[in-house]
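>>> here is the input, now give the coordinates:
(one chain, ligands or ions: 1)
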Amino acid sequence: MSNDEYDLVIVGGGVAGLTAGLTSARAGRKTRVLTGAALGGHLVSIERIDGYPGFPDGVPGYDLCPIIQEQAVGAGAEFAATEATGLHADDGTWRVSTGEGDVRARAVLIATGTTLKTLGIPGEERLRGKGVSHCASCDAPLLRNRIVGVVGGGDSALQEALTLAQHAARVIILHRGTAFSAQPDYIQRVQENPKVEVRFGTIVEEAIGNGGLTSVRTRTVGDGKTGDVELAGLFVYVGLAPATTLLADVLALDASGRIPVDGEMRSNLPGLFAAGTVRSGSAGRAASAAGDGATAALSADRYLKDGTWSG
Ligand SMILES: Cc1cc2nc3c(=O)[nH]c(=O)nc-3n(C[C@H](O)[C@H](O)[C@H](O)COP(=O)(O)OP(=O)(O)OC[C@H]3O[C@@H](n4cnc5c(N)ncnc54)[C@H](O)[C@@H]3O)c2cc1C
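You can find the predicted model right below:
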């Protein structure tokens with residue numbers, strides 16, 4: 001096998017990709033993990049991962065992810081902070097293009113996860129990094145004792161509102177719906193936190209500010225009344241989109257844009273696997289993504305042994 005040839009190339013360095021890298025290397029497979037820019041994926045910027053086995057009080061993602069990576073490196077996995085830009089089936093093997101050249105593998109695991117959706121409103125892109133953010137734990141310390149807003153009503157929005165409340169003077173959750181879709185524990189903690197104010201039926205229509213964000217324009221569902229809310233920060237958690245650009249011409253995705261797989265994380269193309277939140281039917285939690293990664297790596301190991309693909 002030449003230097004740029006692998007048994008398994010894993011595209012994605014979130015908890016699914018990291019766990020797959022560990023499992024594949026432990027199975028003795030020559031394994032390369034392409035992590036893209038975010039080693040650890042979403043988890044790396046989360047101050048308290050809830051519901052991950054072994055950590056009853058939660059664990060910071062920036063602590064957990066490097067440990068899994070170290071464990072994978074210790075087992076023999078190679079890592080590169082490189083983005084995969086193309087994927088091609090080539091004579092019974094796969095070729096993954098990156099900015100640093102191509103790598104070849106007999107099997108490829110896609111674990112590219114998701115990206116946070118944006119609001120698509122005026123001012124949002126212009127003020128990104130100047131008050132508009134997707135990362136509460138990164139920016140919360142900079143907004144100490146200020147008033148900040150969170151857009152959304154699911155787990156991510158409420159979890160990050162609670163993180164922000166540890167630093168900010170006040171956190172205003174702006175949610176277009178009339179109820180939260182988050183888990184009951186987060187709803188209760190938000191309701192009990194005196195620093196958090198909730199405004200249901202509120203649509204954010206514009207981010208306003210010159211050098212940095214100073215306010216947002218809102219419209220109330222129902223009466224359509226508009227108004228401005230003064231905010232030093234706006235944190236947007238309005239859903240996740242699967243990161244599948246790489247696969248546009250490679251295989252058919254499901255209606256949500258995710259990769260259909262069977263119980264062994266096999267796609268419908270021999271040698272191509274998917275794991276984590278990028279795959280159809282993912283439970284969306286860190287523990288399930290890690291489990292997917294392990295399942296996919298062991299499934300790839302079996303495929304590399306016997307070369308068969310049918311169930
Ligand atoms: C704000 C927030 C809070 C959350 N809190 C919790 C929690 O408390 N508990 C919990 O269980 N879950 C939580 N989750 C969900 C959890 O983050 C996901 O389940 C988990 O991150 C999924 O892991 P993943 O590896 O599938 O994907 P991701 O974490 O999305 O990682 C994707 C990886 O793929 C890489 N990548 C993407 N495209 C490419 C490419 N072309 N080439 C190379 N690499 C690429 C990225 O750089 C990244 O490393 C939270 C999510 C959010 C957004």
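
>>> what residue is smack in the middle of the chain?
The chain has residue 42 as the residue nearest its centroid, 3.9 Å off, counting by C-alpha atoms, centre = their mean.

>>> that one and residue 25: what is the separation?
Distance, residue 42 to residue 25, using C-beta to C-beta, to the nearest Å: 23 Å. Backbone N, C-alpha and C define where each C-beta goes, glycine included.

>>> what's the burial count for the residue of the stretch 101-250 of the chain found nearest the ligand?
Relative to the ligand, the nearest point of the stretch 101-250 of the chain is residue 113 (2.0 Å; C-beta to the nearest ligand atom). Neighbour count of residue 113, defined by other C-beta atoms under 10 Å: 27.

>>> surely it and residue 276 touch.
Yes - the pair residue 113 / residue 276 is scored as a contact, 5.6 Å apart, by C-beta atoms under 8 Å.

>>> need the overlap of contacts for these two.
Counting by C-beta atoms under 8 Å, 6 or more residues apart in numbering, the common neighbours of residue 113 and residue 276 are 12, 14, 16, 289.

>>> how about the helices in the stretch 201-311 of the chain?
286-306 (DSSP state H, counting those that start in this stretch).

>>> return the distance of stretch 265-276 from the chain's centre.
Put simply, stretch 265-276 sits 19 Å off its chain's centre (C-alpha atoms, centre = their mean, to the nearest Å).

>>> got it, and stretch 73-83?
A distance of 19 Å separates the centroid of the chain from that of stretch 73-83, by C-alpha atoms, centre = their mean.

>>> neighbours of the residue lying closest to residue 231 once chain neighbours are set aside, how many?
Excluding its sequence neighbours, the residue lying closest to residue 231 (C-beta to C-beta, 6 or more residues apart in numbering) is residue 149, at 4.5 Å. For residue 149, the neighbour count with other C-beta under 10 Å is 31.

>>> who is the closest residue to residue 114 other than its chain neighbours paired with across the strands?
Using C-beta to C-beta, 6+ apart and skipping the chain neighbours, the partner closest in space to residue 114 is residue 240 (3.8 Å). Note on residue 240: beta-bridge partners residue 116, judged by DSSP bridges.

>>> do I have it right that residue 240 meets residue 117?
Yes - using C-beta under 8 Å, residue 240 is in contact with residue 117, at 6.5 Å.

>>> from the shared contacts of residue 113 and residue 276, which land in strands?
Using DSSP state E, no member of those falls in strands.

>>> who wins for neighbours among these?
Compared across those, residue 16 has the highest neighbour count, 35 neighbours, by other C-beta under 10 Å.

>>> list the contacts of that residue.
So residue 16 contacts 41, 111, 113, 275-278, 289-290, 292-293, 296 (C-beta under 8 Å, 6+ apart).

>>> lowest-confidence helix or strand of this structure?
Least confident helix or strand, the chain: helix 136-139 with a mean of 88, by mean pLDDT, DSSP states H and E.
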